[in-house]
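Student: only geometry, no sequence info:
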Ligand code: SF4
């Protein structure tokens, strides 16, 4: 929780010397509370005051970095319980498991599959971020070999998961320099695993039976010099895990330091569809990492889509550039479709036009990133704005007809658009999913 100006003021020298360029210590404190000035601008603050302020102004949830270079994953540093108050900042990392009990050929094949789990949604690449190597064999040698294969074949940062600290050490040494998350599943081995994490300079995943047990464990681990910790409440099943994740988030935001770390959750349902439901739920509330066995794209796409939606800024609609887009090899007789510049609306239309294999122009009207019905209701998608966008696109110079296809939900705008633009208006389907059939069967160019 951010400190108030008065809380900061208590730790300042209160001499009003002005050496910081601010007239009084109180004014300095107020500026610091709104992040307009940094503590180091005051040369007179005591070491004790500095320590108190630094500790109190630490983010309530520790930042944890897994991996290195461009594939590194950062989780934690969140400050809110509800995303309408402020956006969530560090998207949940999705990890897919890889058992070291597989033979080397199977292991390499599954690792390659995990590395290729990249999909596209609303014009953005979404992907699995981590490979979680599970020491099911209980053998240190196999675990180390699996870790090497996983890193090489997936190109992803990894989580090393074992019940034995010695096995974590063997695997971490085998992929030294890649900064894996070392996850110890046996709380009895946690302190030994902390020693390995400290030596290897890696973050540590801790498991205990519930938030209370975790809160007792983390101070012992930080006392050993490990600061980057990820918490697993040890729960199984959607209800219990959701409760634990929520409890940990709530308490950490109240600056309860023993639980001030990002969390991880595991999908456990045997039903593949329920695994996707579980994973999506944990993404929404409040897992830093979700570990799943799922490797099917139909299972992972809804999880990745949920993450993409949850981690947008709810106060800023996701928009595409308002302009005329060409989808496919357009010609002079290609249809012209109209939609808004809300990215989900635009990409839904674009995807369906591609699927129809009927090349088309798609005019994305600037509605400040709102969807068709929302924009129509707020008078941002009307005869005037559509006509202006049409004129600005200069599409008239490229095509041989004057027909415009409006979304079926705003058929009421057709007369106005015809009057304003001089174009003929055709009423398209209400949903983008109706476009392939409409374009193939009903569209007729002049
Ligand atoms: Fe106060 Fe420090 Fe600024 Fe001097 S330099 S006015 S002591 S905050």
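Tutor: Sure thing, it's come through. Just so you know, these numbers come straight off a predicted model, no measurement behind them.

Student: spatially nearest residue to residue 238, not counting backbone neighbours?
Tutor: Excluding the flanking residues, the one nearest residue 238 by CB to CB, 6 or more residues apart in numbering is residue 278, at 5.3 Å. (C-beta placed from N, C-alpha, C; glycine too.)

Student: quick one: the one you found and residue 404, what's the gap?
Tutor: According to CB to CB, to the nearest Å, residue 278 and residue 404 sit 45 Å apart.

Student: repeat that for residue 385.
Tutor: Distance from residue 385 to residue 404, by CB to CB: 13 Å.

Student: contacts only, for the residue of the stretch 51-200 of the chain found nearest the ligand.
Tutor: The ligand sits closest to residue 53 of the stretch 51-200 of the chain, with a gap of 11.5 Å, by CB to the nearest ligand atom. Applying CB atoms under 8 Å, 6 or more residues apart in numbering, we find residue 53 in contact with 3, 8, 11, 39, 45.

Student: quick one: which of those is nearest the ligand?
Tutor: For the contacts of residue 53, the nearest to the ligand is residue 45 (6.2 Å; CB to the nearest ligand atom).

Student: sketch out the low-pLDDT regions of this protein for me.
Tutor: 1-2, 56-57, 444-446 (pLDDT under 70).

Student: related to what we said a few turns ago, spell out the secondary structure type for the residue of the stretch 51-200 of the chain closest to the ligand.
Tutor: helix (DSSP: H, G, I helix; E, B strand; the rest coil).

Student: pop the domain breakdown of this structure in here.
Tutor: 5-57, 64-310, 324-441 (automatic domain parsing).

Student: just give me how far the shortest one sits from the chain centre.
Tutor: Spelled out, it's domain 5-57. Domain 5-57 has its average C-alpha position 35 Å from the chain's average C-alpha position, going by CA atoms, centre = their mean, to the nearest Å.

Student: same question for stretch 215-226.
Tutor: 28 Å.

Student: residues contacting residue 262?
Tutor: Per CB under 8 Å, 6+ apart, neighbours of residue 262: 61, 62, 64, 75, 76, 78, 90, 230, 231, 288, 289.

Student: turn the residues you listed into JSON lines, including secondary structure.
Tutor: What follows is the contacts of residue 262, written out as JSON lines (three-state DSSP):
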{"residue": "61", "secondary structure": "coil"}
{"residue": "62", "secondary structure": "coil"}
{"residue": "64", "secondary structure": "strand"}
{"residue": "75", "secondary structure": "strand"}
{"residue": "76", "secondary structure": "coil"}
{"residue": "78", "secondary structure": "coil"}
{"residue": "90", "secondary structure": "coil"}
{"residue": "230", "secondary structure": "strand"}
{"residue": "231", "secondary structure": "strand"}
{"residue": "288", "secondary structure": "coil"}
{"residue": "289", "secondary structure": "strand"}
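
Student: among those residues, which pair sits farthest apart?
Tutor: 90 and 231 (14.8 Å; CB to CB).

Student: and the helices in the stretch 1-150 of the chain, which stretches?
Tutor: 5-9, 25-33, 47-56, 104-115, 140-154 (DSSP state H, counting those that start in this stretch).

Student: er, the stretch 301-446 of the chain actually
Tutor: 343-356, 372-377, 383-393, 414-421, 435-441.

Student: tell me the buried residues in the second one?
Tutor: Spelled out, it's helix 372-377. 372, 374, 375, 376 (16 or more other CB atoms under 10 Å).

Student: hang on, residue 265 in a helix?
Tutor: No: Residue 265 is assigned strand when assessed by three-state DSSP, not a helix.

Student: residue 142 contacts residue 99, doesn't it?
Tutor: No: contact criterion CB atoms under 8 Å: residue 142 and residue 99 do not qualify, at 9.8 Å.

Student: those two: who's more crowded?
Tutor: Using other CB atoms under 10 Å, the more surrounded residue of residue 142 and residue 99 is residue 142, with 21 against 18.

Student: show me what contacts the more buried one?
Tutor: Here residue 142 is in contact with 100, 101, 135 (CB under 8 Å, 6+ apart).

Student: residue 275 too?
Tutor: Contacts of residue 275 by CB under 8 Å, 6+ apart are 267, 269, 292, 293, 294, 299.

Student: of those, which belong to strands?
Tutor: residue 292 (DSSP state E).

Student: out of the contacts of residue 275, who's nearest residue 167?
Tutor: Among those, and counting by CB to CB, the member closest to residue 167 is residue 293, at 20.6 Å.

Student: partners of the nearest residue to that closest one once chain neighbours are set aside in the sheet?
Tutor: Closest residue to residue 293 apart from its sequence neighbours, by CB to CB, 6+ apart: residue 97 at 5.2 Å. Per DSSP bridges, the residues bridged to residue 97 are residue 132.

Student: next up, the contacts around residue 237.
Tutor: Counting by CB under 8 Å, 6+ apart, residue 237 has contacts 268, 269.

Student: from the ligand, how far out is it?
Tutor: 52 Å (CB to the nearest ligand atom, to the nearest Å).

Student: gap between that residue and residue 267?
Tutor: For residue 237, the distance to residue 267 - CB to CB - is 10 Å.

Student: check residue 11 too.
Tutor: Distance from residue 11 to residue 267, by CB to CB: 45 Å.

Student: more neighbours, those two?
Tutor: residue 267 (26 against 21).

Student: for the more buried one, give me its contacts.
Tutor: Applying CB under 8 Å, 6+ apart, the residues near residue 267 are 275, 278, 279, 282, 290, 291, 292, 293, 294.

Student: what's the most distant pair in those?
Tutor: Most distant of those, by CB to CB, are 282 and 293, 14.1 Å apart.

Student: which neighbours in the sheet does the helix or strand encompassing residue 159 have, and how are they oriented?
Tutor: Take DSSP states H and E as the rule and residue 159 turns out to sit in strand 158-162. According to DSSP bridges, strand 158-162 forms sheet pairs with strand 130-134 (parallel), strand 181-184 (parallel).
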